[in-house]
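>>> what follows is a predicted structure for the sequence shown.
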Amino acid sequence: MSVFRSTRFDDNSTLAEIRDDPDTGTRKLQRESDPKAVAAVQNALYDLHWAQRFPQENHYPSRLRFVDGDFGPVTAASALALKTRYNIRFPPDDPRGVLDGFVRPRTLDRIDRQISHRDDMRVVIISKAGALQDADAPVRLFDEGEEPPPLTPWLGTGPYLYWWTNWDDPTGTVTGLIVAGAADDVFEVHGPILQTWWQAQGAGGPFGPATSDVEPDGSGGFRSTFVNGSISVDPSATVTVKLGPVAYQPPGDDAVFA
């Protein structure tokens with residue numbers, strides 16, 4: 001018998017039955033499914049940023065509204081969005097199979113792998129923020145109520161997720177980012193370097209994922225490296241970009257979000 005990677009799904013017999021089904025189509029989350037099982041999957045979809053908007057709403061839904069234990073049309077649309085991204089069709093291995101909003105074994109396995117990685121990275125990111133604060137860096141994690149906001153995956157880049165922070169400097173509050181990959185591959189980027197990288201589509205753009213923190217460059221400015229280049233800013237705030245491979249191999253299972 002297999003086991004879940006994420007402790008979120010432990011001791012849930014409904015999800016265990018779906019997990020252990022050889023994708024026959026008979027075990028799935030759908031309308032009228034066990035509310036506890038539905039809520040566990042809804043929470044994971046929410047934290048992985050798959051929650052779809054409700055009708056007449058133009059913003060990301062609140063957790064309170066999305067996680068209600070009812071496998072309704074918005075939950076189905078959220079599952080469908082994930083399945084469309086990863087081409088999870090039914091029947092298995094049929095390229096002409098249907099894409100639908102049910103949560104069957106392969107969909108649950110994808111959610112399980114991603115949420116386990118997300119929760120592991122949450123701990124590493126909080127540790128990273130604490131280490132920066134211990135080094136007197138003016139960084140703090142954004143709060144969303146009593147809970148930090150969801151880690152958000154850059155789809156198609158491997159298991160790279162980002163978490164918004166505040167970086168307070170003498171010129172005011174500058175938004176920063178802590179970028180997490182596999183294992184403890186975590187970097188902080190902020191200020192004009194972040195702005196330049198973000199405008200170039202971040203980890204999904206030509207620079208690719210970050211491979212260093214923002215660090216002094218030895219001449220009074222600062223520099224960050226990325227898989228495919230570097231971005232630096234001099235004391236006069238002039239930004240210089242260089243594109244070209246940087247020797248770097250991210251550790252761990254880089255197929256989690258591929």
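Happy to help now that I have it.
>>> got the buried residues for the longest helix belonging to the chain?
If you go by DSSP state H, the chain has its longest helix at helix 105-134. Residues 105, 107-122, 124-125, 128-129, 132 are the ones in helix 105-134 that count as buried (16 or more other C-beta atoms under 10 Å). In short, each C-beta sits where N, CA and C put it, glycine included.
>>> for that helix, name the packing helices and strands.
Packing partners of helix 105-134 (3 or more C-beta pairs under 8 Å, 6 or more residues apart in numbering; DSSP states H and E): helix 13-20, helix 35-47, helix 73-86, strand 139-141, strand 161-169, strand 172-180, strand 186-190.
>>> give me that answer again for 10 Å
When contacts are defined as 3 or more C-beta pairs under 10 Å, 6 or more residues apart in numbering; DSSP states H and E, helix 105-134 packs onto helix 13-20, helix 35-47, helix 73-86, strand 139-141, strand 152-153, strand 161-169, strand 172-180, strand 186-190.
>>> just checking, what packs against the third one?
Taking 3+ C-beta pairs under 10 Å, 6+ apart as contact, the helices and strands that helix 73-86 lies on are helix 35-47, helix 63-66, helix 105-134.
>>> quick one: low-confidence parts of this structure?
For the chain, applying pLDDT under 70 flags the ranges 1, 142-161, 166-174, 181-184, 245-258.
>>> neighbours of the closest residue to residue 90 other than its chain neighbours, how many?
Of all residues not flanking residue 90 in the chain, residue 97 sits nearest, at 5.1 Å (C-beta to C-beta, 6 or more residues apart in numbering). Look at residue 97: counted by other C-beta atoms under 10 Å, it has 13 neighbours.
>>> ok, residue 97 touching residue 87?
Yes - counting by C-beta atoms under 10 Å, residue 97 does reach residue 87; the two are 9.4 Å apart.
>>> name the element the most far-flung residue of the chain relative to its centre belongs to?
Most distant from the centre of the chain: residue 219, at 34.8 Å, with distances by C-alpha atoms, centre = their mean. Counting by DSSP states H and E, there is no helix or strand that carries residue 219.
>>> quick one: end-to-end distance for stretch 49-65.
14 Å (C-alpha to C-alpha, to the nearest Å).
>>> just to revisit the earlier point, what's the residue nearest to residue 90 sitting at in phi/psi?
Note on residue 97: backbone dihedrals following degrees, to the nearest 10 are phi -70, psi 170.
>>> beta partners for residue 176?
Using DSSP bridges, the bridge partners assigned to residue 176 are residue 165, residue 190.
>>> look up how far residue 112 lies from it.
Applying C-beta to C-beta, to the nearest Å, the value for residue 176 to residue 112 is 30 Å.
>>> and for residue 185?
Distance, residue 185 to residue 112, using C-beta to C-beta: 21 Å.
>>> again with residue 165
Residue 165 is 28 Å from residue 112, by C-beta to C-beta.
>>> does residue 228 touch residue 197 like I think?
No - at 11.1 Å, residue 228 does not count as touching residue 197 under the criterion of C-beta under 10 Å.
>>> which of the two has more neighbours?
Higher neighbour count among residue 228 and residue 197: residue 197, with 25 against 17, using other C-beta under 10 Å.
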